[in-house]
Structure formats: C-alpha cells, structure tokens
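Trainee: With the input below, show me the fold.
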Amino acid sequence: MRARNADGPLAVHAPLALFPSPYPRECYDLALQLQPHFNNLVDRIARDSAFLDQVMARLEGVDEFTWRLFGIYRRVRANPSAQPVWMGFHRSDYMLHKPTSDSPGVLQQVEINTISSAFPSLSTRVSELHAHLSDRTQFFNASSSSTPDIHRSALPANNPLAGIAKALGTAWTLYGAPSSVVLMVVQPGEHNVYDQRWIEYKLFDTFGAKLIRKTLAEIAAEAKHVGDSRKLFIGETEIAVVYFRSGYAPGDHPTESEWTARLVIEESYAVKCPPVAYQLAGTKKMQQVIAAPGVLEKFVDSPEIAALLRSSFTGLYPLDESAEGVAAYERALESPRNFVMKPQREGGGNNVYGDEIRAKLLELSPEERKAFILMDVIQPPPFKNALVRRGSVVTADVVSELGIYGAYVTDGATVHVNEAAGHLLRTKTSDSNEGGVAAGFAVLDSPFLV
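Mentor: Have a look, this model is predicted:
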C-alpha cells in the first residue's frame with residue numbers, strides 16, 4: 001500500500017495475519033452459496049423504482065448524502081440511458097455469531113457492499129502467501145502425520161482478482177467498441193493504489209482492455225457526452241465501463257464538481273459498476289427494510305432461497321417514529337451493548353457501539369434518528385493470531401469478518417455473469433469494534449477451514 005506518511009517510505013506492505021485463521025467450513029460454504037442470490041436480490045431491488053422511492057423517502061431531510069444520490073437516480077430515471085448493461089461487484093460481509101463456547105456458530109450478515117468493494121487483488125495475494133508458507137513450512141502438517149496434505153483442503157482457492165477482471169471484461173465486451181477503455185474512478189492520493197493496479201493489469205492480460213484512472217474532479221473537468229446516445233468520452237477516449245473505487249462517502253464529494261461528474265457518468269451510455277440504483281440498494285436502510293417480515297419475499301420467487309437468505313440475517317430495526325422504531329430506541333437506551341447503531345455510510349469508522357449508543361441517541365432529535373438503523377450486536381468467538389504491520393508482529397486475541405465477493409453482469413434480459421468471485425477475510429483485535437483494513441482497524445487474512 002502507498003504509505004500515508006509523506007516523509008517516510010513510498011510504500012509499505014499491507015497489514016496481514018501471519019497465519020490463516022480458523023473458520024467453520026460449513027459457514028464458509030453457506031456464504032459462497034448465498035452470494036449469487038444476493039447478487040440477484042440487489043438487481044431486483046434496483047429495478048423496482050416504486051420500492052426505491054418508498055424506502056429512500058424515509059431519509060429525506062436527515063441524510064443529505066444519500067438523498068443527493070437518490071436525486072441523481074431520479075434524474076437518470078426521467079432521462080434514462082439507452083445502455084441496457086448493468087454491472088455489480090458486490091461484497092457481502094459476515095461474522096460468526098457464537099455468544100458462548102457451547103453455542104453453535106451461526107453465519108450472520110453484517111452488510112452488503114455494492115460500491116467500491118476493495119481488496120480483490122491483495123486478498124488474492126494473501127491467499128497465495130498463506131498457501132506458500134503452508135507448503136514451505138509444513139506447519140499445519142506437523143501434528144497430523146496421518147493426513148500429510150491437510151492444509152491443501154483447509155485453504156480454499158481464492159482469486160477475486162480474476163473475478164473482477166472477468167466481470168469488467170465481460171461488460172467491456174458487451175459494450176462492443178474495441179478501442180474503448182475502462183475508467184476507474186479513484187480518490188485523490190489513493191493509498192490503496194496497488195490493489196487497483198493489479199486489476200488494470202489483469203484486465204488487459206485477459207481481455208486486452210485498457211484502463212485509465214481519474215478522480216471525480218478530473219472527470220468533471222474532462223468528461224463529455226457525444227451523440228444522441230450520450231457516449232462518454234474523456235478527451236478523445238471513449239469510455240465503455242465506469243468502475244467506481246470512489247464515490248461512496250460524503251468526503252468524496254467536497255464540491256459541486258464531484259456531484260456534476262457523478263451525474264455526467266450516470267446519464268451516459270457507459271456501463272456503470274455500480275449504477276446508482278445498485279448503490280442505493282446497498283444502503284443500511286435498505287438492509288433493514290428488506291429484513292422486515294414479508295419484504296424479502298417480494299423480491300425472491302423461491303421460498304427455499306428466501307429462507308436461505310433469511311438464515312444469515314441478524315436483528316435489524318428502524319430508529320424512526322414507528323412503533324417498532326420507538327421500541328428499538330427504548331431497548332437501545334436500556335441495553336446499548338446489545339446493539340450497533342449504523343448510519344448510511346461505507347468505508348469504516350462510522351458506526352456507534354456500546355455505551356456510546358445511549359449518549360448518541362439522547363443527543364439526536366426524533367427526526368435525526370431516522371438517519372440510523374439499529375442492529376443486534378454479533379458476538380464472534382476470539383482466537384489467537386499474529387498480526388503484522390510495518391514489519392512488526394503482535395500476537396493477540398482476534399476475531400474475523402468474512403466477505404464474499406459477488407460478480408454480476410446483466411443486460412436486463414440475460415444474466416451474463418452471476419457468481420461468487422472469491423473471499424476477503426479481515427481480522428482485528430477482539431477489543432476493536434470497527435473492521436476496515438483501509439481505515440486502519442483490521443489486517444488481511446485467509447480462512448483455514450475447520
């Protein structure tokens with residue numbers, strides 16, 4: 001990763017776990033099984049304009065960032081692009097809920113990310129690193145001489161780098177202009193640039209498609225629509241696919257120029273990853289509404305698949321003025337450590353935990369509380385691992401969060417790609433609430449299936 005300290009080294013190794021971390025095989029397999037269904041669910045939600053209107057209306061006046069995204073969605077809906085292809089590269093994140101040593105571990109979804117799902121490249125590299133160390137040291141075979149290759153089946157294959165390249169390349173191919181390029185929307189001074197560069201190289205090596213990088217401010221200054229179909233050009237370069245690794249937080253839009261860039265992209269003929277409708281489908285409010293009784297079933301035709309998806313849901317509650325919202329508010333004041341309080345934000349460092357929930361709730365007006373949802377706290381089992389940062393090793397009690405990438409490309413009539421595209425395991429000290437690697441809370445890891 002690019003170093004944050006300008007006076008130090010130019011690059012540092014990504015933080016990582018020295019050993020792969022134990023994870024129940026049954027729960028890992030379930031997470032893989034769920035992902036194509038979550039991919040379909042996001043698409044079905046995003047295409048239901050009346051439902052999006054209904055859910056987003058609850059955030060009017062209380063969440064300016066999400067409301068502005070919704071405003072772009074409505075502008076585009078009124079003046080739609082002729083481009084039928086939509087692309088998503090999602091990641092559904094889970095923790096293992098095991099409140100006591102005697103209770104069985106249950107896979108519980110933390111959230112689903114529908115924009116800028118980071119680390120497909122470095123996660124691939126970390127899986128290779130752990131496989132290499134396991135082969136070279138035979139560490140996991142030392143006490144299992146009767147099964148000399150135990151580590152090979154316990155370290156699952158993982159290549160989300162190939163998965164994101166396949167999805168981008170498929171979308172680029174469907175666009176149908178060999179001279180066009182993929183545009184990656186990045187943050188200024190991006191420190192996770194190496195994770196992104198691997199995607200650029202893999203895409204070219206696999207499909208021959210070139211990729212360029214621009215910030216939203218640069219796009220505002222350089223982008224234009226060409227022709228009645230509103231093809232997107234940067235200078236003289238035609239853009240086939242726009243892949244967002246930015247645009248998920250208010251800080252990515254410091255001026256009106258960044259919002260202008262987002263509208264120019266959304267109104268264009270380019271394929272978007274994601275379209276703004278997918279981003280809205282991945283909000284915390286949407287997660288809470290979908291979990292309500294009977295709502296998920298409106299978007300999932302199979303009762304068996306709906307039940308499978310629901311098996312991963314934890315308790316999710318509104319904090320509005322409905323009877324359910326008032327009851328959740330009162331429970332959170334009484335027992336704040338049983339919950340996590342979440343705003344409509346991505347990127348780590350935004351949630352409220354423990355006794356801070358009570359203080360936060362008491363300072364908010366009933367109207368302001370609507371910007372948040374409440375989630376039952378997930379209690380993962382702690383274990384030991386060695387965490388490596390900047391060459392220093394710390395052994396600690398840790399917990400892990402499993403993310404499953406989902407690649408999805410559709411033209412509305414045909415689904416061209418819908419698959420689980422690999423995993424990301426993030427491990428953090430057991431006393432840390434947040435879990436983002438880029439935000440500095442966690443390290444990259446691999447599951448050792450048990």
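Trainee: How about Asp376: what's its closest non-neighbour residue?
Mentor: Closest residue to Asp376 apart from its sequence neighbours, by CB to CB, 6 or more residues apart in numbering: Gly315 at 3.6 Å. In short, each C-beta sits where N, CA and C put it, glycine included.
Trainee: how much space between the one you found and Ile373?
Mentor: 11 Å (CB to CB, to the nearest Å).
Trainee: Neighbour count: those two, which is higher?
Mentor: Ile373 (27 against 15; other CB atoms under 10 Å).
Trainee: Name the nearest residue to that one, sequence neighbours excluded.
Mentor: Spatial nearest neighbour of Ile373, chain neighbours left out: Gln288 (4.3 Å); criterion: CB to CB, 6+ apart.
Trainee: if I pick the one you found, what's in contact with it?
Mentor: For Gln288, the contact set (CB atoms under 8 Å, 6 or more residues apart in numbering) comprises Leu316, Tyr317, Pro318, Ile373, Met375.
Trainee: Over to Leu263?
Mentor: Ile72, Arg75, Val76 are the contacts of Leu263 under CB under 8 Å, 6+ apart.
Trainee: got the contact list for Ile305?
Mentor: With CB under 8 Å, 6+ apart, Ile305 has these contacts: His37.
Trainee: Need the per-residue pLDDT for Thr431.
Mentor: To be clear, residue 431 is Asp; Thr isn't right here. Listed pLDDT for Asp431 reads 86.
Trainee: tell me the contacts of it?
Mentor: Here Asp431 is in contact with Asp397 (CB under 8 Å, 6+ apart).
Trainee: 6 Å instead, please
Mentor: By CB atoms under 6 Å, 6 or more residues apart in numbering, the contact set of Asp431 is empty.
Trainee: Which element, helix or strand, includes it?
Mentor: Under DSSP states H and E, no helix or strand contains Asp431.
Trainee: Check which residues of stretch 299-314 are buried.
Mentor: In terms of neighbour count (16 or more other CB atoms under 10 Å), stretch 299-314 has its buried residues at Phe299, Val300, Ile305, Ala306, Leu309, Ser312, Phe313, Thr314.
Trainee: Over to stretch 282-293?
Mentor: Gly282, Thr283, Lys284, Lys285, Met286, Gln287, Gln288, Val289, Ile290, Ala291.
Trainee: Please apply the same query to stretch 247-262.
Mentor: Gly247, Tyr248, Ala249, Asp252, His253, Ser257, Glu258, Trp259, Thr260, Ala261, Arg262.
Trainee: any idea how far Arg345 is from the fourth one?
Mentor: With distances defined as CB to CB, the gap from Asp252 to Arg345 amounts to 11 Å.
Trainee: same thing with the first one?
Mentor: Plainly put, Gly247 is 13 Å away from Arg345 if you go by CB to CB.
Trainee: With the third one instead?
Mentor: When distance is defined by CB to CB, Ala249 is 6 Å away from Arg345.
Trainee: Can you report how many residues neighbour Arg426?
Mentor: Around Arg426 there are 24 residues (other CB under 10 Å).
Trainee: isn't Ile373 right next to Gln287, touching?
Mentor: No. Using CB atoms under 6 Å as the test, Ile373 is too far from Gln287 to be in contact (7.4 Å).
Trainee: Can you name the next helix or strand after the helix or strand of the chain with the lowest mean pLDDT?
Mentor: Every helix and strand of the chain was ranked by mean pLDDT, DSSP states H and E. The lowest is helix 150-154, at a mean of 76. Next helix or strand after helix 150-154 toward the C-terminus (DSSP H and E): helix 160-175.
Trainee: Run through the neighbouring helices and strands of that following helix.
Mentor: Applying 3 or more CB pairs under 6 Å, 6 or more residues apart in numbering; DSSP states H and E, one finds that helix 160-175 contacts strand 86-97, helix 120-137, helix 193-207, strand 237-244, strand 392-410, strand 415-429.
Trainee: Ok, which of those comes nearest Gln109?
Mentor: Distance to Gln109, taken as CB to CB, is lowest for strand 86-97 among the helices and strands packed on helix 160-175, at 5.5 Å.
Trainee: what separates Ile305 from Asn385, distance-wise?
Mentor: 35 Å.
Trainee: How about Pro104?
Mentor: Counting by CB to CB, the gap from Pro104 to Asn385 is 22 Å.
Trainee: Of these two, which one has the most company?
Mentor: Asn385 (23 against 10).
Trainee: who's in contact with that one?
Mentor: Ala17, Phe19, Ser21, Val398.
Trainee: Could you give the bridge partners of it?
Mentor: In this structure, Asn385 bridges to Ala396 when assessed by DSSP bridges.
Trainee: Grab the nearest non-local neighbour of Glu64.
Mentor: The nearest residue in space to Glu64 (CB to CB, 6+ apart) is Pro250, at 7.8 Å.
Trainee: any idea how far that neighbour lies from Val242?
Mentor: 20 Å.
Trainee: Repeat that for Pro84.
Mentor: 15 Å.
Trainee: Gln288 now?
Mentor: 29 Å.
Trainee: Please apply the same query to Arg262.
Mentor: From Arg262 to Val242 the distance is 10 Å (CB to CB).
Trainee: Also Val399?
Mentor: 36 Å.
Trainee: Show me which of the two is the more surrounded one.
Mentor: Taking neighbours as other CB under 10 Å, Val399 and Val242 compare with Val242 leading, 27 against 24.
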